[in-house]
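**Q** Below are the sequence and a predicted model; questions follow.
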Amino acid sequence: MVVMSKLTIRQIAERAEVSTATVDRVLHGRSKVSEKTRIRIEDAVKELNNNNIPELFLQAAKGCYRFKFLIPDRQSNFVADMERSLMLATAALYDVDITCDLHRISFSDGNDLIEALDNIDPDEYQGVGAFAIDAPGVKQAIGRAVERGVNIVTLVSDIPDSARHHFVGIDNVSAGRVVGNLMGRFIGAQDGKVGVITGSLRMRDQMDRFFGFRQIIEERFPQLQLLTVSECNSDPELNRIATSELLQNEPQLLGLYSIAAGNKGILQALDDTDKSPVVIMHELSDPVRKAVAKGQVDAIISQNTDHIARSAMRVLRAYYEGKPIVESQERIRMDILLADNIY
């Protein structure tokens, strides 16, 4: 006999020889299931619980959820932190069993993301979290997945006019505006130029950050000229080359804004020069922390990957169960880190 308080949906599914998703639908009435399958599941509950009536299971069974997360295949400290946080977050919802599948895909274009979304089976996954790239066809692929019954949240980078259910991440336009204000204030009244290095402006988070940044610089600090954005695919070596070229070829360079990942290469280029522009970056890592502490980098805009991961799990569960979301709990905070609070 299985003790009722320990009974799980997975055990019921194995005994009834059906999927965990089917068991969950029967228990919570989320979609139509054949009477034959319903009886099989109820019989399995009785067998496992010494012939107790199935209704008791609704109060004692532990839910089982499987989520898939579509994440960039590029290597960066932020992506590594995000992967770690997603795996740890499976234990954050103590009253359910969560399986987290990570699917690494290329973000060089939207094709891999479209294919991954089109292959999501709503009977296999109760929710999907995806880094979104604003490429042709991606919005439509999200729409097709939602029409099939897939619950989708976008992480870090959003496509707000898509059919996705929720976005989990900071307000990236506000983040860019904050950087613009910091950059202008740190530089002061000097006339000069500001370089911008990013991964790809097809990623909505990066595009929004640049939009907010440019808006503030043009409105409040017109004495600063923005140079052409260098898109380096968040590759440390490409970032190093782009930074070195800016430092060598732009004698009036007063500031440098790194919008995305790959900051290790930028730090290497700064190590090789005696110039000291105002430098502001996104995403915290140990090398960046040390650079801030010694004054090589002036400020970091960071977001907590643990909070993002836990929020994604809670939101996906809420949509699957048809329950409300606590907006204040799921609002991702933007942290501003300087030398004074970096440790």
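**A** Ah, there it is.
**Q** quick one, helices of the stretch 1-150 of the chain?
**A** Using DSSP state H, counting those that start in this stretch, the helices assigned to the stretch 1-150 of the chain run over residues 9-16, 20-28, 35-48, 57-60, 77-89, 111-118, 138-147.
**Q** which stretch in those helices is the model least sure about?
**A** Mean pLDDT across these is lowest at helix 57-60; the value there is a mean of 46.
**Q** how big is the angle separating the helix or strand M313 falls within from helix 20-28?
**A** Under the criterion of DSSP states H and E, M313 resides in helix 305-321. With axes from the mean of the first three to the mean of the last three C-alpha atoms, to 10 degrees applied, the angle from helix 305-321 to helix 20-28 works out at 60 degrees.
**Q** helices or strands up against helix 305-321?
**A** strand 63-72, helix 77-89, strand 127-130, strand 152-155, strand 166-168, helix 327-330 (3 or more C-beta pairs under 8 Å, 6 or more residues apart in numbering; DSSP states H and E). Quick note: C-beta positions are derived from backbone N, CA and C, even for glycine.
**Q** on that earlier part again, now tabulate the helices of the stretch 1-150 of the chain in TSV and tack on distance to R314 and mean neighbour count.
**A** Formatted as TSV, these follow (distance: least, C-beta to C-beta, whole Å; neighbours: other C-beta atoms under 10 Å):
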stretch	distance to R314	mean neighbour count
helix 9-16	19	20
helix 20-28	17	21
helix 35-48	27	17
helix 57-60	21	14
helix 77-89	9	18
helix 111-118	22	18
helix 138-147	19	18
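**Q** Low-confidence bits of this structure, can you list those?
**A** 1-7, 28-33, 35, 50-63 (pLDDT under 70).
**Q** How is it partitioned into domains?
**A** By the assignment in automatic domain parsing, the chain contains the domains 4-60, 65-168+305-332, 172-302.
**Q** Can you tell me which of these is nearest to I342?
**A** Smallest distance to I342 across the domains of the chain (C-beta to C-beta): 4.7 Å, for domain 172-302.
**Q** tell me how far the ends of the closest one are from each other?
**A** End-to-end span of domain 172-302 (C-alpha to C-alpha, to the nearest Å): 11 Å.
**Q** same question, stretch 279-288
**A** Terminal residues of stretch 279-288 are spaced 11 Å apart (C-alpha to C-alpha).
**Q** and what of stretch 25-44?
**A** 15 Å.
**Q** Please name the nearest non-neighbouring residue to D286.
**A** Excluding its sequence neighbours, the residue lying closest to D286 (C-beta to C-beta, 6 or more residues apart in numbering) is N77, at 7.9 Å.
**Q** OK, contacts around the one you found?
**A** 261, 263-264, 283, 285-286, 288 (C-beta atoms under 8 Å, 6 or more residues apart in numbering).
**Q** Widest-spaced pair of those?
**A** Longest span within these, C-beta to C-beta: A261 and D286, 14.1 Å.
**Q** mind putting the helices of the stretch 1-150 of the chain in CSV, distance to R214 included?
**A** Converted to CSV, the helices of the stretch 1-150 of the chain look like this (distance: least, C-beta to C-beta, whole Å):
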stretch, distance to R214
helix 9-16, 50
helix 20-28, 46
helix 35-48, 57
helix 57-60, 54
helix 77-89, 23
helix 111-118, 27
helix 138-147, 24
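**Q** For A339, which of the domains of the chain is the nearest?
**A** Closest among the domains of the chain, once you apply C-beta to C-beta, is domain 172-302, at 5.5 Å.
**Q** Kindly state the beta-bridge partners for Q225.
**A** K193 (DSSP bridges).
**Q** what's near enough to touch it?
**A** For Q225, the contacting residues are 192-194, by C-beta under 8 Å, 6+ apart.
**Q** Return the member of those nearest to R104.
**A** Using C-beta to C-beta, the contacts of Q225 come closest to R104 at V194, 33.5 Å.
**Q** beta partners of M203?
**A** Applying DSSP bridges to M203 gives these bridge partners: I133.
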